[in-house]
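In: Okay, structure incoming, though there's no sequence with it:
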């Protein structure tokens, strides 16, 4: 047969098998099994100087109660309409004004709150409220009731903005999302603030505690302690050529990740840090805590300043430079890749 | 403001924030965080009596070598164009004719082969070839070279069809796919057939073996043994009202799943079995080995016969009846759900 | 002060502190913290040709029922009066005659039975009886009711001898022994023979099984299968210079040891095998299944024949030679050493 | 035969089998497999008011360098001559004077130092020195070089006494002890003080850290933090009827014990605490940090004051009362019992 005849004959065959909902693998094998990851997500940055005003305007547009969660979703330009920052992760900036309550609900999606600006608002999990300060990393575990609130102006409340990180796209993909609303606006407070941290935060644990949940029992990792750890290591000279000084947050009852689907990190870059290039198969969302610098992600270069949010897709080369002493918080889907034995890293 | 004014004002705000690649969470929260899983995948069946001839015709349409893998992808009608059976899993029927070779390659996707009909073809993994028989469950682990072949007609070769199960859609979603072709058509054979099974298959293991890979070191789980186990349990009376007699395949070096992303099961339904309804958040692909019966999945009811393939999406209620003594093989993404603490089950 | 004065002054001080139940560490530090292990246990062998008659005579001396367990304890000559083969392990030869019952009890000590000669006797664990054949390795897990029995002569019963291996000395040392007698002579039989093996022995497991116990759910590892595995590996050329072909028994639900305190092994030595010397910190008891040869342990050399039992203390160099094709079963306290991160090995 | 004849015949048989190093199990079964633990160790207390002067006199009797370790071993009166506090654990009071060095060595025995009085001395592990303060719990892991020192009087040095806790008897029992002296008096200092704590002590960890050792990478758990945790929990009302407020120390890279063989605990008893009785199969050594009270252990009742050391054998009922607000440090062999699945507890 001529090439043309073969093509026609195959086309006829493909039509026939399509009626049985079948397709020829050999026509798509290269796309389905690529040589290297082909992410649709793109490198991108949200400069806080450009978005802050819009975030604050959300306070006029809708109340926290009506919105349930008053959040502006940061949407990756390569994943339009998907409310996704990376294929597995969501990012959004949430605003809560003095006197407001974001009502209690629970869902199987795991969530982190990384406090961007303002202080004094609280989040409640399992009957314990935690007060927010900039730079704190706070967890609301899968399937736990949680509500957020902010004292009134009279009680010293001020607008608080945080970065929400959730595994919403992952759970949509794997069809594992469940949700419920709490019958009241807020859950009852049954424990004093700091109780979870006293139980688990000091390298100690209750004598009879059995690990039954992969999520960390510490709800809040305060910035003061994380910053102190980075600072001590920097003063002792432990600067990595790729990472600066970088630590991951830990679930102290397992040594593993604080949540089963989301890894979190904090890193310090000394002024003048000129990092080397690395890449890995986890896609990472960064939030600048302090400092200024430049990040190259794939073909793009972004300058960064405090509170900016930027994203590095899977396998994109990343290089960090700091013009001033900088601190970056970041989160990624690394626990998913690790659990499935699919994490790869390259340090150039 | 009137409702209309509010709507207009919000629309203007949404346009403005869209320029910063931001979107209002409160307009999509219900879809993003649903009350229960909302799978796009649908219940479906492929009757072997209807597709067998098309599978065999593939042998005329293309050679194994040209195709690399001569497979008809079974595509879920709810996931058109995605080469997916479930959101995370792929299914296809592969044909290899006497005398053919499917050339050696490797990829990070994990694969299973469940032998549907024909015997004597082989698959090679890590230098060891395994001969296929109907009902065998064979693994090609992530990132291991593998090639398939079939003896010539003179050597007793016959057409062999198997069901391929891979985690292709999952790895596309999480951007973790890598692949390479082997420089030769087949990898060299360095170990005698049965060596892996002798090392690990008899509830023993090499003295100094350290587990470094989550995938089972047993490449082949022969049907004869699996069937014998089910039969013994049935004769001893261990019939579950939902499952009949159901076992999962195990990685004997860990007690866990045979692959980090795919669970596999085999179950026996006595003649007249009238099962109760269950559902779970793992989406499952079934392949009938023996027998006849009926399966209700969500709103659909299918009758099944040997070699039929059917699929139950996440959280869809499933009920199995057997008119004759039946054996079903199945595979699902349960290890993913388990690793991420997202597995839920209901037995009604 | 002169040396003599110092000595006298110290002696007076030692007397004074002894009244407060205190002692000077510096006088005993070298003994308490030795350079290398200083086992009191010695290499030793029990030749079955010399002890078999004595074992059989036990049948005249006492009944199984009166004895509860009619066992001759093999006592390490370096540990006199301690009923110990090694510091942690006990060994004994148990005899059960046709028609006898060894009554049901349970204890926290873990036990293994390695069948030496005779067949058809049974041991019952958790309601399931297992029939014994020479070379079978059978477990009675910690704190499970167990009784042994032997059919009458009319039913084909014959005298059966097995090697008992228990962690009695370890549990005495750590004060963790509990025991109870069952109210009846035998526990009720609630499951057919082979049910545990069908559930767990074929590289499969019940779908909803959760590991709650470190002991293997397989009670019997039949010699036929173990021997077949060794044979296959030998024919494929996998002979180690130190071990011959050696496998460890595995708990298939974890990949770990079959019992939390006792490791078990079986190894094949081809005729003419001339092994190299190794040593490790687990002390090992061997039982010859087939063959003849010679073993050097420390300064001692023993020739061995079928059913002989010999012991290698911790850190003693061991070298195995086989004049005829040989099979050795062995057990040791390796899981204890491993769990406490104290296992060391040297292969010379 | 008459009873007398049976007895004589058995005696003759026992003599005969003894020549083959065999003994009749049935004569000793009850002792070897007891109904409940039969510890030889006894409840005992060392009152610091009675032993302090003797400890200080040790400084005149021998130098730290000559002694290598200037320690008074606390010897359980039930285990005379064994340098043991419990069957598995050792306890001793170590004195180091200003200007002294206890030379560097390493051994497979794990050690803890619980600081009793004095401050400013240091212990060095893996190139990092840790300064001691009363109430600190400090680890020297198995097989790591360690040396201790004390600044001179001119530099502010003062006599420092700590409680040493080691697994010496356990390692003697299982023949797993190895030791080496360092070629120099002290190991070189290669890391600044606090580096390990900065890396691992703040619920964070280095990004690429892999757990390869069961011992905690935190060498020092400062009293200030442990005390603060207990205090917070007490103020929040979390007082257990048996334990008061009790936490265990944790290896933050695993959530497990700080050492593979020794568990450590700290508990707070409010003034007037009148505890209920419990017992467990781990034998526990207590050291009073603050307060006064009474402890009942088995048949004995002891009053306790700061720095007293007392011991509760396996399975002995223990009841704690506090006349003043009290803090107790304790250590036990619980990890051994847990690893071997032999831990039992009763709370009455």
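Out: On my side now, so go ahead. This one's a predicted model, so the numbers in the text were calculated from it and none came from an experiment.
In: near chain D, which residues of the stretch 201-348 of chain A show up?
Out: A:201-207, A:211, A:216, A:218, A:221, A:225-226, A:228-229, A:232-233, A:235-236, A:238, A:243, A:246-255, A:265-266 (CB under 8 Å from any CB of the partner chain). To be clear about C-beta, it is placed using only N, CA and C from the backbone, and glycine gets the same treatment.
In: Show me how to select, in PyMOL, the buried members of the residues you listed.
Out: Of those, the buried ones go into a single PyMOL selection, burial set by 16 or more other CB atoms under 10 Å in any protein chain shown:
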select buried, chain A and resi 201+202+203+204+205+206+207+216+218+221+225+226+229+232+233+236+238+243+246+247+248+249+250+251+252+253+254+255+265+266
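In: So which of the residues of the stretch 201-348 of chain A next to chain D sit within helices?
Out: Mapping those onto helices (DSSP state H) picks out A:225-226, A:228-229, A:232-233, A:235.
In: In JSON lines, list these along with distance to residue C:111 and pLDDT.
Out: Shown next, in JSON lines, are these (distance: CB to CB, whole Å; pLDDT from 0 to 100):
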{"residue": "A:225", "distance to residue C:111": "50", "pLDDT": "97"}
{"residue": "A:226", "distance to residue C:111": "52", "pLDDT": "98"}
{"residue": "A:228", "distance to residue C:111": "54", "pLDDT": "97"}
{"residue": "A:229", "distance to residue C:111": "50", "pLDDT": "97"}
{"residue": "A:232", "distance to residue C:111": "53", "pLDDT": "96"}
{"residue": "A:233", "distance to residue C:111": "52", "pLDDT": "97"}
{"residue": "A:235", "distance to residue C:111": "58", "pLDDT": "94"}
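In: Tell me the one of those residues nearest residue D:160?
Out: Closest to residue D:160 out of these is residue A:232 (24.9 Å), distances taken as CB to CB.
In: so how far is residue C:99 from that closest one?
Out: 75 Å (CB to CB, to the nearest Å).
In: Tell me what residue A:296 is bridged to.
Out: Listed by DSSP bridges, the beta-bridge partners for residue A:296 are residue A:301, residue A:319.
In: That one reaches residue A:318, doesn't it?
Out: Yes - using CB atoms under 8 Å, residue A:296 is in contact with residue A:318, at 7.1 Å.
In: picking that back up, for the ones in helices among the residues of the stretch 201-348 of chain A next to chain D, give me JSON lines that also has distance to residue C:28.
Out: As requested, these are exported to JSON lines (distance: CB to CB, whole Å):
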{"residue": "A:225", "distance to residue C:28": "44"}
{"residue": "A:226", "distance to residue C:28": "47"}
{"residue": "A:228", "distance to residue C:28": "44"}
{"residue": "A:229", "distance to residue C:28": "42"}
{"residue": "A:232", "distance to residue C:28": "41"}
{"residue": "A:233", "distance to residue C:28": "42"}
{"residue": "A:235", "distance to residue C:28": "44"}
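In: Strands of the stretch 51-200 of chain A, start to end?
Out: Taking DSSP state E, counting those that start in this stretch as the test, the strands found in the stretch 51-200 of chain A are A:71-74, A:90-96, A:101-107, A:111-117, A:122-125, A:128-131, A:137-140, A:146-149, A:160-166, A:179-181.
In: Give me the phi and psi angles of the closest residue to residue A:99 other than its chain neighbours.
Out: Distance criterion CB to CB, 6 or more residues apart in numbering or on different chains; nearest residue to residue A:99, sequence neighbours excluded, is residue A:152 at 4.1 Å. Backbone torsions for residue A:152, taken as degrees, to the nearest 10, come to phi -70, psi 170.
In: separation between residue A:240 and chain B?
Out: As judged by CB to the nearest CB, to the nearest Å, residue A:240 and chain B stand 24 Å apart.
In: Does chain B have contacts with the helix-or-strand element of chain A with minimal mean pLDDT?
Out: Using mean pLDDT, DSSP states H and E, helix A:64-67 stands out as the lowest-scoring helix or strand of chain A, at a mean of 90. Yes - using CB under 8 Å from any CB, we find that helix A:64-67 touches chain B at A:66-67.
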